[in-house]
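Enquirer: please work out how this folds:
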Amino acid sequence: MALKLTARQSQILDLIRQAIQQTGRPPTRAEIARQLGFRSANAAEDHLRALERKGYIRLSAATSRGIQLIGQAPASADAAGTAAADQAITAASADPAPAGTPGPLPGAPAWLAPSDSRLVPLVGRVAAGSPVLAAEHVEREIPLAPHLFESAPDYLLRVRGSSMRDAGILDGDLLAVRSTPQARHGQIVVARLGDDVTVKRLDHQGRRIRLLPENPDFQPIDVGPGDDFAIEGIAVGLIRTTALH
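Expert: Numbers count the residues shown, from 1 in each chain. Predicted structure coming up:
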């Protein structure tokens, strides 16, 4: 007979069941951690190991989705835990997300878009001289779970080019940005210089301002005292939509 579960273990077990029912595959450790607000995938791993010891699941180290339900897992032992899980998992879509998708995008499984998710605009190419959040730049709105990033973004910006490659920001990535006119030295910012909007690392020492790339193939940008320069926001996270190889 399987041992009784804690409320959190019941919640994770329900999440696994829902993911398998809706997508045909179990979630990864990182997806469980993101859905439940854990700071790292290690916390999810600890709960999964407990579920395995209690006889509810079987884990495989060979794959990131190596979670197998054992038999017909019983209903949650804790009603409050079940209610919390049911509230967090909504029927946004039954289709699986593209391979390698680490966040809630259109077409993502329902358990990546909880009922308290908020819609965040996805900004594509920004036309010269126009506001970043102008309606013509917004490709669509994407539901984001509230705990996906430590600081809630105001918009996602589709990255163009490879000037920030060595900071792990690649062409096509979605940069999560919090709108603010101020930033600290060393932060990655979305900056406007003249008619152009760019993503760079801010080098601000005394009166000198430079925008630094993270790729030796690109040159730093010096901001002069008379330049039309403004900070549009700071980066608070990243979503990669391409498959990892």
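
Enquirer: what's the longest helix along the chain packed up against?
Expert: Taking residue count as the measure and DSSP state H as the definition, the longest helix of the chain comes out as helix 7-23. Under the contact criterion of 3 or more Cβ pairs under 8 Å, 6 or more residues apart in numbering; DSSP states H and E, helix 7-23 touches helix 29-36, helix 41-53, strand 67-69, helix 79-88. Every residue, glycine included, has its C-beta placed from N, CA and C.

Enquirer: same thing but at 6 Å, please
Expert: With contacts taken as 3 or more Cβ pairs under 6 Å, 6 or more residues apart in numbering; DSSP states H and E, helix 7-23 sits against helix 41-53, helix 79-88.

Enquirer: check which element follows the shortest one along the chain.
Expert: Secondary structure here is assigned by DSSP states H and E; on that basis, the next helix or strand after helix 79-88 toward the C-terminus is strand 118-123.

Enquirer: by contact count, what packs against the helix or strand following that next one?
Expert: Once the chain leaves strand 118-123, the next helix or strand it forms, by DSSP H and E, is strand 138-144. For strand 138-144, the contact count by 3+ Cβ pairs under 6 Å, 6+ apart identifies strand 118-123 as packing neighbours.

Enquirer: which other helices and strands contact the strand it packs on?
Expert: Checking 3+ Cβ pairs under 6 Å, 6+ apart, strand 118-123 ends up next to strand 138-144, strand 155-158.

Enquirer: would you mind finding the most buried of those?
Expert: strand 155-158 (a mean of 23; mean count of other Cβ atoms under 10 Å).

Enquirer: show me the contact partners of that one.
Expert: Contacts with strand 155-158, where a contact means Cβ atoms under 6 Å, 6 or more residues apart in numbering, come from 120-124, 174-177.

Enquirer: and stretch 166-184, by the same measure?
Expert: The contact list for stretch 166-184, computed with Cβ under 6 Å, 6+ apart, reads 149, 151, 153-157, 159, 161-162, 189-190, 202, 214-215, 231, 233-240, 242.

Enquirer: distance between the ends of it?
Expert: The straight-line separation of the ends of stretch 166-184 (Cα to Cα, to the nearest Å) is 20 Å.

Enquirer: ok, residues contacting stretch 58-68?
Expert: Here stretch 58-68 has contacts from 16, 25-26, 28, 52, 57, 70, using Cβ under 6 Å, 6+ apart.

Enquirer: identify the farthest-apart pair in the residues you listed.
Expert: T28 and I70 (19.2 Å; Cβ to Cβ).

Enquirer: which of the two has more neighbours?
Expert: Taking neighbours as other Cβ atoms under 10 Å, T28 and I70 compare with T28 leading, 18 against 13.

Enquirer: what helix or strand is the spatially closest residue to the more buried one that is not a sequence neighbour located in?
Expert: Taking Cβ to Cβ, 6 or more residues apart in numbering, and ignoring the residues beside it in sequence, T28 has S64 as its nearest neighbour in space, at 4.5 Å. For S64, there is no helix or strand it lies in under DSSP H and E.

Enquirer: and the pLDDT at S64?
Expert: Among the per-residue scores, S64 holds a pLDDT of 70.

Enquirer: what do you get for P109?
Expert: Model confidence at P109, expressed as pLDDT, equals 43.

Enquirer: cool, and Q68?
Expert: Listed pLDDT for Q68 reads 88.

Enquirer: roughly how far apart are it and L48?
Expert: Taking Cβ to Cβ, to the nearest Å as the measure, Q68 falls 11 Å from L48.

Enquirer: of these two, who's got more company?
Expert: The neighbour count for Q68 versus L48, taken as other Cβ under 10 Å, is higher for L48 (23 against 13).

Enquirer: if I look at the nearest residue to the more buried one once chain neighbours are set aside, how far off is E45?
Expert: Leaving out its chain neighbours, the residue that sits closest to L48 by Cβ to Cβ, 6+ apart is L59, at 6.0 Å. Distance, L59 to E45, using Cβ to Cβ: 9 Å.
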